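# Got a predicted structure here, sequence first:
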Amino acid sequence: MLAIKNNLMADNAARHLGRSYEALAKSTERLSSGLRINSAKDDAAGLAVRELIRADVAVLKQGSRNARDAVSMLQTAEGAMGVIDNILIRMKELAEQAATDSYSNEQRSIINAEYVQLSLEIDRIASSTAFNSIKLLDSTDTYKIHLGTTDTIDIAAQKMDSTTLGVKVSTGTKETWDNKRGVARADDEFLAATDITADTADTFTFHFGADADVVVDIGAFDASGVSLNGLVNAINTQWAADGNSGYVAYAQFDTASQQYRLRLENPTAGAGALTITNTNNPAPLAAAQFTRAVEGTDGTALTLTTTAGATAALAALTLAINNKDAYRAKLGYLMNRLESATSVIDIQAENLLNAESRISDVDVATEMAAMTRNQVLSQAGISMLGQANSMPQMALQLLRG
C-alpha cells in the first residue's frame, strides 16, 4: 500500500539494519578481545564454568611456582651440605693422622686444634644456612609445600650441627662452684677439680644425689701430693639415690697440677648434685675451680689428643658421614620429586587452559564469516532503507496529478 503517513517499508528496513549493526558490533567486540564470552549475557553458564577453570589454573600455576621455590630452598641446603661433606672428610683425615703413635701428644694437640675449628665451622654453617629466614640445617620443623588446592609435599628439616652429627669436640667449660654442682644428663661425664688447697685429711666423701655417698680413703695428703691408697677401688662402685644412678669408672689424681678427676659412666641424672666434702680436718673447697667436659660414645664429645680419642673419632666420623649422606640423599630425592610434581602441575594447567579456551575464546574463522555476512546485510539494509524512504515521494507525485 502506498501511503504518506506511515512508511512501513522504511520501518522494516531500519529494524533489520539495526540488527545487522548490533551483530556487526558484537563480532567486532569478539574479534578485538579474542573472547567469545565478554559478559554474562553472552553465555551465563559458560562464564561460570570459565571462571572456575581460571581459578584452578591460577592455583596450579602458583603451585608450580611453590615447587620451584622449594627446589631452590633445597638446593641451598644441599649446597651447604656439600661444604659440610668436605669438612667431615678433612676431619676424618685429621683423626686418621692423630690415631697413629708416630705423633707426640703436643703434635696431636695441634691436630686437634684444627679439628676443633672445623667442628665450629660445621656449627656456623648449620646455623647460618637459611632460605627466606627458614633454617634448613638447624631445625627439626616440617615445612609443607602446597602444589595446588589440596596437594602438599612435606619437607622435614634436620639438624646438621656437630653435636647432631656426633663430631663435636668438648673443650671443657670453666665454672666456679661453692661446694657442689649438678650432674648433667650425658654419657661419660668428666668432673675435674683444680687448685684445691691441700690440708691434712684422711678421707674425702663424694655425694652423688641425695644421701648417696662414696667415701674415698686417700691416705697421706699434703700440699705436695697425695697417696691414692685404694682410691680407684673405693670409687669404682655403683651409686644410687632418689632416681639418680650410675657408675664411677675412673679416678685420677695429678700430683703436679693437684687435679682430681672422676669419670662417671652410664649415669642417669635427676635433680641430685655432686658434693665434695672432707670428713677429717676439712680442706677449704669454697670457690674451687672445676672443669667439666663431656666425652660420650659415637663422637658426642671427641678429642684427637690421644690415640684412643682419635680412634673413637674415626668411628664417629664414619657414622656422621653416613648420616650426612642420608640427609643429602633425602634432599636429592625431594628435589626430584618436586621437579616431577612441577611437570605434572604444568600439564594439568595446560589442559585446563585448553578447556577454558574452548569455552571462552572466539573462533576467529567463524566470527569473521559472521562479520562479513553482517557487513553485507548492513550495506543491503542501508540501500533498502534509502529505497523505502523514497516511497512517500511517489505518493506526492500522484497527488500533484
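Here it is on my side, so go on.
# now the helices for this structure?
All helices of the chain, identified by DSSP state H, fall at 8-33, 44-99, 105-128, 162-165, 231-235, 307-360, 364-389, 391-400.
# Enumerate every residue touching the residue nearest to Tyr143 when sequence neighbours are not counted.
The shortest distance from Tyr143 to any non-neighbouring residue, by CB to CB, 6 or more residues apart in numbering, is to Ile155 (4.6 Å). For the C-beta atoms, the positions are set from N, CA and C on the backbone; glycine is no exception. Contacts for Ile155 (CB atoms under 8 Å, 6 or more residues apart in numbering) come out as Ala70, Met73, Leu74, Thr142, Tyr143, Lys144, Ile145, Leu334.
# Of the helices of the chain, which stretch is the most buried?
helix 162-165 (a mean of 23; mean count of other CB atoms under 10 Å).
# for that one, what is the average pLDDT?
The predicted model assigns helix 162-165 a mean pLDDT of 90.
# sorry, back to before: mean pLDDT lowest for which of the helices of the chain?
helix 231-235 (a mean of 45).
# follow-up on the earlier one: can you list the helices of the chain in TSV and add distance to Asp151?
TSV is the format used below for the helices of the chain (distance: least, CB to CB, whole Å):
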stretch	distance to Asp151
helix 8-33	34
helix 44-99	7
helix 105-128	30
helix 162-165	31
helix 231-235	61
helix 307-360	8
helix 364-389	36
helix 391-400	72
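# Check the spacing between the closest residue to Leu60 other than its chain neighbours and Glu51 real quick.
Closest residue to Leu60 apart from its sequence neighbours, by CB to CB, 6+ apart: Ala349 at 4.1 Å. As for Ala349, its distance to Glu51 is 16 Å (criterion: CB to CB, to the nearest Å).
# before we move on, what about Ser378?
34 Å.
# Gly148: neighbour count?
By other CB atoms under 10 Å, 20 other residues sit near Gly148.
# same question, the one 4 residues further on
Thr152 has 13 neighbouring residues, counting by other CB under 10 Å.
# Identify the bridge partners of it.
His146 (DSSP bridges).
# That one and Tyr143 touch, don't they?
No - using CB atoms under 8 Å as the test, Thr152 is too far from Tyr143 to be in contact (9.7 Å).
# and Ile37, what is it in contact with?
So Ile37 contacts Asp43, Gly46, Leu47, Arg50, Ile359, Ser360 (CB under 8 Å, 6+ apart).
# separation between it and Ala369?
Distance, Ile37 to Ala369, using CB to CB: 19 Å.
# Could you do Gly63 as well?
When Gly63 is compared with Ala369 (using CB to CB), they lie 40 Å apart.
# Tell me if I'm right that Tyr143 and Ala157 touch.
Yes - with contacts counted by CB under 8 Å, Tyr143 reaches Ala157, the gap being 6.9 Å.
# where do the contact lists of these two overlap?
Joint contacts of Tyr143 and Ala157 (CB under 8 Å, 6+ apart) do not exist.
# domain ranges for this protein?
Under the assignment automatic domain parsing, the domains of the chain span 53-165+312-349, 173-294.
# For the nearest residue to Leu136 once chain neighbours are set aside, give me its contacts.
Leaving aside its chain neighbours, Leu136 sits nearest to Ala77 (3.9 Å; criterion: CB to CB, 6+ apart). Counting by CB under 8 Å, 6+ apart, Ala77 makes contact with Thr129, Phe131, Leu136, Leu137, Leu331.
# Need phi/psi at the third one.
Think Leu136. Here is the backbone geometry of Leu136 (degrees, to the nearest 10): phi -100, psi -30.
# Surely it touches Thr129?
Yes - counting by CB under 8 Å, Leu136 does reach Thr129; the two are 5.1 Å apart.
# These two: which has the busier surroundings?
Set Leu136 next to Thr129 and count neighbours by other CB under 10 Å: Leu136 wins out with 23 against 20.
# Fine by me, thanks again.
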